[in-house]
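Undergrad: when you get a sec, could you give me coordinates for this:
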Amino acid sequence: MDTTENKPAKLPPVKNGLLPYLTVDGAVKAAEFYKKAFGAEEAHRVPVDESGRTMHIHLYINGSSLMLADAYPEYGHPFKGHEGFAIQLVIDDIDFWWDRAVAAGAEVVMPVELMFWGDRYGQLRDPFGVLWGLNAPAN
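TA: Have a look, this model is predicted:
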């Protein structure tokens, strides 16, 4: 009997201790957008089901992990939109990250400005409704 078929695959390591796990309307499309906009690398993906949904995508962005899933209302996980939070990217070259994300289709919510705390900061909204804050030292 071959026991390797029943062994779960070794999953990639999580790269931070507290990480966002987003339910989005179109996890595969969101992952592709995050690759273009934020240079995401795909670490793992559960294959899509017959409806084109996936229950799990693991991305690496800027040295951290981000998890995505499609909504599964039939299992108690409906999509309810994105309000009341932002994903924060702390980066060195805000102009590079900003320009790449805007070119990929992110909407400018708050342009990059020098802030009172001494860093440059701006906010973008991705096509899936998630708000992203980009923060970099002013140097």
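Undergrad: this structure: strands as residue ranges?
TA: 21-24, 41-45, 57-61, 64-70, 87-90, 107-114, 119-125, 131-137 (DSSP state E).
Undergrad: with distance to residue 32, mean pLDDT and mean neighbour count added, can I get these in a markdown table?
TA: Using the backbone N, CA and C atoms, a C-beta is placed for each residue, glycine as well. Conversion of these to a markdown table gives the following (distance: least, CB to CB, whole Å; pLDDT from 0 to 100; neighbours: other CB atoms under 10 Å):
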| stretch | distance to residue 32 | mean pLDDT | mean neighbour count |
| --- | --- | --- | --- |
| strand 21-24 | 12 | 95 | 17 |
| strand 41-45 | 9 | 97 | 14 |
| strand 57-61 | 10 | 97 | 21 |
| strand 64-70 | 11 | 96 | 21 |
| strand 87-90 | 17 | 94 | 16 |
| strand 107-114 | 17 | 98 | 12 |
| strand 119-125 | 17 | 97 | 19 |
| strand 131-137 | 16 | 96 | 18 |
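Undergrad: okay, those strands in JSON lines with distance to residue 10 next?
TA: Converted to JSON lines, those look like this (distance: least, CB to CB, whole Å):
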{"stretch": "strand 21-24", "distance to residue 10": "20"}
{"stretch": "strand 41-45", "distance to residue 10": "10"}
{"stretch": "strand 57-61", "distance to residue 10": "13"}
{"stretch": "strand 64-70", "distance to residue 10": "15"}
{"stretch": "strand 87-90", "distance to residue 10": "27"}
{"stretch": "strand 107-114", "distance to residue 10": "38"}
{"stretch": "strand 119-125", "distance to residue 10": "34"}
{"stretch": "strand 131-137", "distance to residue 10": "30"}
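Undergrad: of all those, which lies closest to residue 31?
TA: Counting by CB to CB, residue 31 lies closest to strand 57-61 out of the strands of the chain; the figure is 4.9 Å.
Undergrad: name the helices or strands packed onto that closest one?
TA: Using 3 or more CB pairs under 8 Å, 6 or more residues apart in numbering; DSSP states H and E, the elements in contact with strand 57-61 are helix 27-38, strand 41-45, strand 64-70.
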